[in-house]
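**Student:** Please work out how this folds:
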Amino acid sequence: MTDELMTIREMCDAFDVTPRTLRFYEAKELLFPIRQGTKRLFTRRDRARLTLILRGKRFGFSLEEIRQLLDLYDRDERMTQLAKTYELAKHRLADMERQRRDLDESIAELKEHLVWGKQMLESMSSREAAE
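**Tutor:** Numbering: from 1, shown residues only. Okay, the predicted model is just below:
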């Protein structure tokens, strides 16, 4: 992407988001496009912020956490931002790993039930065929 301004349509195409998403992030004060009447023009800074917003959402950060991190960057508190991002990411990773363990356990349990269910169906089928 270049330094030139991008329209809302170009942003949507480049980031695979909807206009509604961009307007929502603008309303939440996460993006600050240049307004020309009803037209929104997004700067290089907006594109960088949107990249971080989307990454943060993918990792499960709340919009408020993302906004706080972006605000630290804007205030030129990059060391603080990095430290806070690191701590949030460590906690989020622990949560994700816990969720994965829970999901793995649920999958294993469901597989056991499916085996049991299949055996029961086969047993019932055999009895009905014998009668």
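**Student:** Against residue 112, how distant is residue 49?
**Tutor:** 47 Å (C-beta to C-beta, to the nearest Å). For the C-beta atoms, the positions are set from N, CA and C on the backbone; glycine is no exception.
**Student:** Who has more neighbours out of these two?
**Tutor:** residue 49 (21 against 10; other C-beta atoms under 10 Å).
**Student:** Hmm, residue 29 and the more buried one touching each other?
**Tutor:** No - taking C-beta atoms under 8 Å as the definition, residue 49 is not a contact partner of residue 29, at 10.7 Å.
**Student:** Okay, now the unreliable bits of this structure?
**Tutor:** By pLDDT under 70, the weakly predicted segments of the chain are 1-3.
**Student:** How is it partitioned into domains?
**Tutor:** 1-61, 77-131 (automatic domain parsing).
**Student:** Tell me which of those domains lies nearest to residue 69.
**Tutor:** Ranking these by proximity to residue 69 (C-beta to C-beta) places domain 77-131 first, at 5.6 Å.
**Student:** And the strands in this protein?
**Tutor:** 6-7, 34-36, 39-42 (DSSP state E).
**Student:** Just put those strands in TSV and tack on mean neighbour count and distance to residue 18.
**Tutor:** Shown next, in TSV, are the strands of the chain (neighbours: other C-beta atoms under 10 Å; distance: least, C-beta to C-beta, whole Å):
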stretch	mean neighbour count	distance to residue 18
strand 6-7	17	14
strand 34-36	10	19
strand 39-42	18	13
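**Student:** JSON lines please, covering these and showing distance to residue 23.
**Tutor:** JSON lines is the format used below for the strands of the chain (distance: least, C-beta to C-beta, whole Å):
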{"stretch": "strand 6-7", "distance to residue 23": "13"}
{"stretch": "strand 34-36", "distance to residue 23": "12"}
{"stretch": "strand 39-42", "distance to residue 23": "8"}
